[in-house]
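# Quick one, structure for this:
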Amino acid sequence: MKIHQFLLNLGAVLMAVTTFNGALAHGSNPHEKAPVFSEKDFEQMPWGIGAMPTKAQRTVQVTMSDNMRFDPSSLNVRPGETIRFVVTNKGVLLHEFVIGTIEANKEHAELMKRFPDMQHEAPYMAHVPPGQTEEIVWTFNRLGDFQFACLIAGHYEAGMVGSIRVADAKGAKK
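The predicted structure is shown next:
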């Protein structure tokens, strides 16, 4: 099942369970420990697939802050390139770094507005508490324009979004 379909289904379930009282924390209760993924957890997504840290070909340092911006705010990637994102939160608020298509991130951001306490983990997302650093290793094996974003309610809408272009040497992305 594709992740955005899963998230939409999850939203419907959570709406139906009216006695559910915040056991899934996303916004106010930082995760104690980053998840550890193995190759069996990696699913091909329209924007690529997770990878083990030993496969990284390049490291990109990304900082997030409470001005609702990423630095850098854009990235060019070669097809098939595996990148280790080292994501540091320099703010006092919880932020996240989620890689996806523009459409998938928009859908996910809308779902987060409806269910701000939702918790979920995937190889293409990192929830980064204030002052902390997390890593994602991702292989961009699909051409196109993608993005990274903080999908915590209000952050995406405030412009906490960056762009990723995966194109061949001639600039073709499809």
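
# list the buried ones in stretch 141-149?
For stretch 141-149, a neighbour-count test (16 or more other C-beta atoms under 10 Å) marks 141, 142, 144, 146, 147, 148, 149 as buried. In this view, the C-beta of every residue, glycine as well, is placed from N, C-alpha and C.

# Report the distance from that stretch to the chain centre.
11 Å (C-alpha atoms, centre = their mean, to the nearest Å).

# Could you do stretch 145-156 as well?
Counting by C-alpha atoms, centre = their mean, stretch 145-156 comes out at 7 Å from the chain centroid.

# All the strands of the protein, in order from the start?
49-50, 58-65, 69-71, 74-77, 81-89, 95-100, 125-128, 133-140, 144-149, 161-166 (DSSP state E).

# any idea how far the nearest residue to residue 61 once chain neighbours are set aside is from residue 114?
Distances taken as C-beta to C-beta, 6 or more residues apart in numbering put residue 86 closest to residue 61, at 5.1 Å, once the chain neighbours are dropped. Per C-beta to C-beta, to the nearest Å, residue 86 is found 31 Å from residue 114.

# higher neighbour count, the two?
Comparing residue 86 with residue 114 by other C-beta atoms under 10 Å, the one with more neighbours is residue 86, at 15 against 11.

# For the more buried one, report the pLDDT, please.
Note for residue 86: predicted pLDDT of 98.

# Equivalent analysis for residue 126, please.
We have a pLDDT of 95 for residue 126.

# Give the full set of residues in contact with the closest residue to residue 53 other than its chain neighbours.
The shortest distance from residue 53 to any residue other than its chain neighbours is 5.2 Å, reached at residue 137 (C-beta to C-beta, 6+ apart). With contact set as C-beta atoms under 8 Å, 6 or more residues apart in numbering, residue 137 has these partners: 50, 51, 52, 53, 55, 56, 82, 83, 84, 85, 123.

# buried subset of those?
For the contacts of residue 137, a burial check counting by 16+ other C-beta under 10 Å picks out 50, 51, 56, 82, 83, 84, 85, 123.

# Surely the third one is in contact with residue 81?
No. Residue 56 lies out of contact with residue 81 (C-beta atoms under 8 Å); the separation is 9.4 Å.

# And the residue nearest the centre of the chain, how far from residue 76?
Nearest residue to the geometric centre of the chain (C-alpha atoms, centre = their mean): residue 98, 1.0 Å. Remark: distance between residue 98 and residue 76 (C-beta to C-beta) = 19 Å.

# For burial, what's the neighbour tally of residue 157?
12.

# ok, it - contacts?
Going by C-beta under 8 Å, 6+ apart, the list of residues near residue 157 reads residue 109.

# any idea of the pLDDT on it?
With respect to pLDDT, residue 157 has a value of 93.
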